[in-house]
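Build me a model from this:
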Amino acid sequence: MYDRPTLGELIDAARMHVETHIVPVLKAEPSLGRLYFQTLVAVNVLRIAEREIGLRGLHLGAQWSRLNALHEVMGDPPVPLPANTGEAEAALSDRVRGLCERIRAGAFDVNGEQVAARSALFDHLLATTREALQVANPKFLETAEREWEAVSKGQRVEGS
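Numbering: from 1, shown residues only. This next block holds a predicted model:
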């Protein structure tokens, strides 16, 4: 939509400047330890923002599709994804709130009729959690998935 640099490129440039020019100076000065730590936190925030910008549209579409699949299992018709990003994000928030209300109301409680719905709900929640970790902490996600794979194969995980 706009000429370059893109928002992601601007954030990347700011992050790289802080990492290459400011962090080393702060790290070298012991009396600035608190500011050094706060600057590392700021760098991490910029990394999260970069990842969110890059993945937001993909995750929005994936979550919308999973919610449609979940609602279809429960007998509800699929809902088309709004074309406008802002409207889609607002509608997704509404759909998530609605899902939370259904969970609280017992729509997924254990009974023979809801096995497929519970399975679809679990798949949706697991995928949504993975997507959130892809943005917030991809290293943790990689470690957790590696450990889960090892445990699934009956292998001992280091530190357990």
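
By residue count, which helix of this structure is the longest?
helix 33-73 (DSSP state H).

Quick one: mean pLDDT for it?
For helix 33-73, mean pLDDT rounds to 97.

what's the offset of that helix from the middle of its chain?
Averaging C-alpha positions (C-alpha atoms, centre = their mean, to the nearest Å) puts helix 33-73 5 Å from its chain's average.

Spatially central residue for this protein, please.
A132 (1.4 Å; C-alpha atoms, centre = their mean).

What distance do you get for it to A88?
18 Å (C-beta to C-beta, to the nearest Å). For every residue, glycine as well, the C-beta is placed using N, CA and C.

before we move on, what SS does L81 have?
State at L81, reduced to three classes by DSSP: H, G, I helix; E, B strand; the rest coil: coil.

what's around P24, how many residues?
Neighbour count for P24, taken as other C-beta atoms under 10 Å: 10.

list the helices and strands the strand or helix carrying it packs on?
Using DSSP states H and E, P24 sits in helix 23-28. Counting contacts by 3 or more C-beta pairs under 8 Å, 6 or more residues apart in numbering; DSSP states H and E, helix 23-28 packs against helix 33-73.
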